[in-house]
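# Next come a sequence and a model predicted from it.
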Amino acid sequence: MTMTVPLLEVRDLSVTFRTEGVVTQAVRNVSFVLGRERLGIVGESGSGKSTTGRAVLGLVPAHGSVSASRLALNGEDLRHLTQHQWSRYRGRRMALVMQDPKFSLNPIMTVEKQITEAWRLHRRTTAAEARKHAAAMLEAVSIDDPERVLRLYPHQLSGGMGQRVMIAAMLIAEPELLIADEAISALDVTVGNEVLAILDRLVAERGMGLIFISHNLTAVAGLCDRVVVMYGGRVVEECAARDLAHARHPYTRALLAAAPSLDEPRASLASVVRDPAWLT
Amino acid sequence: MTSLPTQNRVDGLLALPPTQNPLSSSQARWNHAAVLTRKLGRSPLTILGLAVVVILVLMALLAPAMTGGVSPIAQDLSGRLQPPGAAHWFGTDELGRDIFARTVYGARATLAIVALVGVIVVPVGLLVGTLAGYTGGFLDAVLMRITDIFLAFPSLVLALAFAAALGPGIVNAVIAIALTAWPPYARLARAETASIAHTDFIAAVVLMGASKWRILLRHIVPLCMSSVIIRLTLDMAGIILTAAGLGFLGLGAQPPTPEWGAMVATGRSVVLDQWWVSTIPGLAIFVVSLAFNILGDGLRDIFDPKSA
Amino acid sequence: MNPPMIAVQNLSVSFKGPHGPVSAVRDLSFAVEPGETFGIVGESGSGKSTVLRAIAGLVAASGGHIRMAGEALGLRRTKAQRSAMQMVFQDPYASLHPRHTVDRALQEPLAIHAIAEPERLITTAMADVDLDPALRFRYPHQLSGGQRQRVAIARALILSPKLLLLDEPTSALDVSVQAEVLNLFQTIRSTRALTSLLVSHDLAVVAHLCERVAVMQRGTLVEVLTAEALRRGEARHPYTHTLLAASRGYRRVGSPHEGMPLAPS
């Protein structure tokens, strides 16, 4: 019997936060299936896109509650894991790259330590071997002189370099699934495109699954195979990235029309009119 | 879960219900105060601390009524060192004075010290710290070196020297304590100011053409206020203990004025046989100091913007 | 001939660094005519925001001149010079005093300049930026990012400045909110005699709003060209071409949808 198990299955994922007696539904019945492909999740702030990513990694803060009828990595149920069990998935099989390397790298640890730590946490190796591996990983993220960069501290890195180091640290344990949450939003366009190229190449070479969460429609359209558009905690549209320009949902179309364009001058930008019916 | 109000978080905003739109500045301030009060309500320990401080104030204000007209300085040598009982709730001291009355009246001395130190320390610390932090450069260096010099004085020794030079008394004790207590406030205010001075909202006031003093007094000082008040509350325990220490050494309030530290000192010689003479004012010092500490801790949690 | 609204000549700015002064802007010259909307684009570290802050008098120039309508400007300025130019900052969460309501934020400039009739001016200022009058006594933390940026714009306009300095005013906002704020700028521009200087990293935003664009790289001015020329890719300098290519988005090597323009069809 041949049955292909998808890399990640998410069905009816809901996340609810309760603060001071007010219940906020951050994610409402989100479902998607991910193979060894790149899935983009786009939306504005408050759309629940980041919370969806966090829920997949079991990183929803304590005042939030997560429910799903299915949440599985390679067929393994992730719904009722203890913190200890999560640690066998996070880092080793699923990894997260966040927006600002300034906050996600430890300021008092050298690059070498941060990268090898992730490696040695999951494997028994000697320091020398770990270092060799870290250098190779830095080369994989297009850093020309890995030996020098290994000795640096995070504050000595530029934004683009920091994000590459972050990616290296996340990928060294060879995860099957990488979640990038606004990974290029803090970077300049030219640097951001370089980071996208690195992600693109590594995901292809290693056969990983990628969830690329971003508010940047252009970046998502350029990098991903498929796109999920979120609004108010819901998926309002799912389509192939190449069809994004021909999106059908009014919200997606409004988002596209709201951005100023270099190619065609627009007298005024379309405002995004929101329909409460999208949330029901 | 469904019985609670549900909100959609759209456009990065947890929208206030329309009825919550304040209609005037004072209403906006009231709403803000209400939020803080609600936070206070969730911290019983802070309320306890606050309650003790309120009782202290009431004791000082209503001392004659609370003691039922019993004078704290009336001597009764025939009724010396009476144990606590129906006639004298907390017993009497070596001159036959009612310890309950003296303890209640003693709140006045403690409160006076607390209030006077606060009145001196907060403005001086704020002014020196914010001015140094906002101006920077030479003035900053000069002000901070002066602060360092005052910081290097051991407060009790300075207070001793001060009391010896100007004569013992509660006002001199307060001045001596305040003189050594303000430098940490200046440092705190300077650190806060340094982080505020380069924000865009200060740049915006500069661009409006506001004067330096306007920026300092109307924009920077109010932001430093809460951390300074919290610090003061936390320091109050230390200040009360120092004041009690001076009283114990005979350099604070002078007899026959009731003061807790001095009361502990007079009971020292009879502490084994007539324990209440020292223990009662000692307990009062302990309870009030602890209350200020708890209150300061609670205020820190309430005013912490991260918990907003 | 009227002098330009703002003229920058050989402007240099350097900051104190751990190993001596670090030059942020070097020998920069440009002029903005009255009524023009002029854009400065560049990546982080290009010195574009520093130029704006030097013009605003928030950082000291280490060389060169800044003239506003022919009048030389230093770091110390008169109240009148201050009120002639106002600025809107990038982060609407950091540009409003956290303890001041919208009302107080708008009162402050009027109080500083002792302007009469604050009541009428505040009502008008809020209406001009499409702010719901019901929000007048809210604190910044009770407003959305877009609403805060409107308050910041109202605060900048309430003194009727001649020059508006915009430092990445929409880069912290969502696309839909950015569209509203950009549309608001266009309305303001058409209803007031206002010269604007817009700094942004986003070529599309600058091309959308500005008539002429200066491209900066590592503290120097690379070239000045019209927005029209920028759109058509008629840049002379290779760096401008690099920026243009990057702004059109990342393209996968051998991707099936290469060269797809992202516009609704």
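Perfect, I can see it now. Numbers count the residues shown, from 1 in each chain, chains lettered A, B, ... in the order given.
# quick one, what contacts A:I211?
A:8, A:34, A:39, A:41, A:53, A:56, A:177-180 (CB atoms under 8 Å, 6 or more residues apart in numbering or on different chains). In this view, the C-beta of every residue, glycine as well, is placed from N, C-alpha and C.
# Out of those residues, name the ones that lie in helices.
A:53, A:56 (DSSP state H).
# for the chain, what spans make up the strands?
Using chain A. A:8-19, A:22-34, A:38-42, A:64-67, A:70-73, A:76-77, A:94-97, A:177-181, A:209-214, A:226-231, A:234-240 (DSSP state E).
# I was thinking of chain B, sorry if that wasn't clear
Using DSSP E, strands in chain B cover B:6-7.
# got the residues of the stretch 101-250 of chain A near chain B?
Within reach of chain B by CB under 8 Å from any CB of the partner chain, the stretch 101-250 of chain A has these residues: A:232-233.
# what does the stretch 101-250 of chain A have sitting close to chain C?
Close to chain C, as judged by CB under 8 Å from any CB, the stretch 101-250 of chain A has residues A:159, A:188-193, A:196-197, A:200, A:215, A:217-219, A:221-223, A:241-242, A:244-247.
# How about the residues of the stretch 201-308 of chain B by chain C?
Selection of the stretch 201-308 of chain B residues close to chain C by CB under 8 Å from any CB yields B:201, B:203-210, B:214, B:218-219, B:222-223, B:305, B:308.
# same thing but at 10 Å, please
B:201-211, B:214, B:218-220, B:222-223, B:225-226, B:305, B:308 (CB under 10 Å from any CB of the partner chain).
# and the residues you listed near chain A, which?
Applying CB under 10 Å from any CB to those, none is adjacent to chain A.
# All the helices of the stretch 101-250 of chain B, residue numbers only.
Ranges of helices in the stretch 101-250 of chain B, per DSSP state H, counting those that start in this stretch, are B:137-152, B:155-166, B:170-181, B:183-197, B:200-208, B:212-214, B:221-248.
# Reformat these as a markdown table; add mean neighbour count and distance to A:K102.
Formatted as a markdown table, the helices of the stretch 101-250 of chain B follow (neighbours: other CB atoms under 10 Å in any protein chain shown; distance: least, CB to CB, whole Å):
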| stretch | mean neighbour count | distance to A:K102 |
| --- | --- | --- |
| helix B:137-152 | 13 | 28 |
| helix B:155-166 | 16 | 41 |
| helix B:170-181 | 22 | 38 |
| helix B:183-197 | 21 | 17 |
| helix B:200-208 | 22 | 19 |
| helix B:212-214 | 12 | 33 |
| helix B:221-248 | 21 | 25 |
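# re the thing from before, are any of the residues of the stretch 101-250 of chain A next to chain C buried, and which?
Among those, those scoring as buried are A:159, A:188-189, A:191-193, A:196-197, A:200, A:215, A:217-219, A:221-223, A:241-242, A:244-245, A:247 (criterion: 16 or more other CB atoms under 10 Å in any protein chain shown).
# does the most centrally placed residue in chain C count as helix, strand or coil?
Nearest to the geometric centre of chain C sits C:L166, at 1.5 Å (CA atoms, centre = their mean). At C:L166, secondary structure determined by DSSP: H, G, I helix; E, B strand; the rest coil is strand.
# hey, what's the closest residue in space to it that isn't next to it in sequence bridged with?
Nearest non-adjacent residue to C:L166, counting by CB to CB, 6 or more residues apart in numbering or on different chains: C:L198, 4.4 Å away. On the basis of DSSP bridges, C:L198 takes part in beta bridges with C:G39, C:L166.
# Okay, whichever residue of the stretch 101-250 of chain B sits closest to chain A and B:T130: tell me how far apart.
When scored by CB to the nearest CB, the stretch 101-250 of chain B has B:S195 as its residue closest to chain A, at 17.1 Å. In this structure, B:S195 and B:T130 are 12 Å apart, going by CB to CB, to the nearest Å.
# how many other residues sit next to the spatially closest residue to A:V30 that is not a sequence neighbour?
Leaving aside its sequence neighbours, A:V30 sits nearest to A:L13 (CB to CB, 6+ apart; 4.5 Å). For A:L13, the count of nearby residues is 25 (other CB atoms under 10 Å in any protein chain shown).
# where are the low-confidence patches of the chain?
Went with chain A since none was named. Residue ranges of chain A with pLDDT under 70: A:1-3.
# I was thinking of chain B, sorry if that wasn't clear
In chain B (pLDDT under 70), the answer is B:1-20, B:305-308.
# Apply 50 and report the result again.
Low-confidence segments of chain B (pLDDT under 50): B:1-19, B:307-308.
# before we move on, back to that, could you export the helices of the stretch 101-250 of chain B as CSV, including distance to B:A87?
Output for the helices of the stretch 101-250 of chain B, formatted as CSV (distance: least, CB to CB, whole Å):
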stretch, distance to B:A87
helix B:137-152, 49
helix B:155-166, 36
helix B:170-181, 30
helix B:183-197, 46
helix B:200-208, 64
helix B:212-214, 60
helix B:221-248, 27
